[in-house]
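Novice: could you work out the structure for the sequence below:
(one chain, ligands or ions: 3)
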Amino acid sequence: MNTLSINAERLLGRLRELGQIGRDSDDRLVRLAGSDADKAGRDTFVAWVRAAGLEVAVDRIGNIFGIWRHADNADEAPVLLGSHIDTVINAGIFDGCYGALSGLEVIETLKAAGYVPARPIAVAAFTNEEGVRYAPDMMGSLVYAGGLSVKEALATVGTDDTILGEELERIGYAGSEEPGFLKPHAYVELHIEQGPVLERKGVPIGAVENLQGISWQRVTIDGDANHAGTTPMSMRRDAGHAAARVVTFLRDRARNANTPTVATVGCMGFEPNAINVIPSRATFTVDLRDPDEQRLQAEEAALAAYLKELAAAEEVTISVERLARFEPVTFDRRIVELVEDAVRERGLTAKRMTSGAGHDAQMIARIAPAAMIFVPSIGGISHNPREHTPEADLIAGANILLDVVIRLAAE
Ligand code: HGY
Ligand code: MN
Ligand code: MN
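Specialist: Residues are numbered from 1 along each chain as shown. Ligands and ions are numbered 1, 2, ... in the order given. Okay, here's the model as predicted:
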């Protein structure tokens, strides 16, 4: 039974400090991948990693690693911890940062206790997990796991027409290590749930056994600009109206499906975007998710069929670009059971669950046994400044991570 515990004040203090870095003029937390704000967050994280006496490495896609090696374990495959420190727009302070900072905290706690692991322990902050500026999301860990070439990733054009590789150069995080340079013995990611399940069940820990499939698409609908006042309703090729019909179609279908399927249109833009001009173009994104691959494919097919029908009915042309597509992932059962053992030994309770959100763990699971630990999100709120997890839960989650790492690092 492990009697060690993490330094709660250090972890909570760093979460608060990192949560203040990258705020815009409206005090919104925005640390998009490759931005100056991302650089400021990265520099802070690297400073903490260096101060902890860890070796710092950055790979070619900008993934940051803090590595704790011992002379007598240096050649062993490391236990890898981590998450991401980039954020969405107007983010909470826990998404990603909690896992990266807890991974660092666990290593510092073990170092301070004079613990000598049988293998190196490392913590990663993966580049562009959110995918808000550059699609797809989980990009840094996807490249690390060999699912996307470095060349292709670095050439990604952002929503602001910047190039990811140029931005990483500009902010000083175009590293030299080849992605995949550390082959993990195991990977464990601690993360807030970002959903309502744990809070509703009154359970402090989620033992995450799988993660749902994700499909991101960008849809462009082209109609005809025309005068809002003179064009009879029967003579319009209104791209804006057609787009609205897609939004309603997706929501009604997912709401009425009685399955875990979720559908979201998060971004939408009209051209020329003028009050008295019928939109000639509507561009929007579609985020579809489902834990079952067959159902996710059926949802994609249903949308494609609807778009075909809509194009004919509204006399518009519709094109679709795929931005991301990840199949559902099942995590390593042994590590899930280690999480449950650690929870029992600390006298807590855990619930096995599916992750609704995408995470770096789903990518690292391609190259190593991987699993996740969740802590509750109050009101299930995330990707929102109201994102919150009680301190006791944050500390408990980090201590479970500590216990699991002690077991994995002793193997
Ligand atoms: O999209 C996601 O689920 C994650 O927040 N990148
Ligand atoms: Mn996250
Ligand atoms: Mn997120």
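Novice: pull out the buried positions in stretch 310-318.
Specialist: Residues of stretch 310-318 classed as buried by neighbour count (16 or more other Cβ atoms under 10 Å): 310, 311, 314, 316, 318. All C-beta atoms are positioned from the backbone trio N, CA, C, and that covers glycine.
Novice: could you work out the most separated pair of the residues you listed?
Specialist: Pairwise distances across the buried residues of stretch 310-318 (Cβ to Cβ) peak at 9.0 Å, for the pair 314 and 318.
Novice: overlap of the contact sets of the two?
Specialist: Common neighbours of residue 314 and residue 318 are listed as residue 242 (criterion: Cβ atoms under 8 Å, 6 or more residues apart in numbering).
Novice: and the helices in the chain?
Specialist: With helices called from DSSP state H, the chain shows them at 8-18, 36-51, 97-112, 139-144, 150-154, 164-171, 197-201, 239-256, 293-314, 333-345, 360-364, 391-409.
Novice: report the closest residue of the stretch 201-350 of the chain relative to ligand 2.
Specialist: As assessed by Cβ to the ion, ligand 2 sits closest to residue 211 within the stretch 201-350 of the chain, at 11.5 Å.
Novice: what's around that residue, how many residues?
Specialist: 25 (other Cβ atoms under 10 Å).
Novice: next one: residue 4
Specialist: Neighbour tally, residue 4, other Cβ under 10 Å: 14.
Novice: give me the nearest residue to it, chain neighbours excluded.
Specialist: residue 113 (5.5 Å; Cβ to Cβ, 6 or more residues apart in numbering).
Novice: from memory that neighbour sits against residue 3, does it?
Specialist: No - counting by Cβ atoms under 8 Å, residue 113 does not reach residue 3; the two are 9.6 Å apart.
Novice: list the buried ones in stretch 264-281?
Specialist: Under 16+ other Cβ under 10 Å, the buried positions of stretch 264-281 are 265, 270, 271, 277, 278, 279, 280, 281.
Novice: which ones are touching the residue in the stretch 51-200 of the chain positioned nearest to ligand 1?
Specialist: Across the stretch 51-200 of the chain, the shortest distance to ligand 1 (Cβ to the nearest ligand atom) belongs to residue 137, at 3.8 Å. Counting by Cβ under 8 Å, 6+ apart, residue 137 makes contact with 128, 129, 130, 131, 214, 216, 324, 358.
Novice: ok, which pair from those is furthest apart?
Specialist: 128 and 214 (14.7 Å).
Novice: count of neighbours near residue 410?
Specialist: Neighbours of residue 410 under the rule other Cβ under 10 Å: 12.
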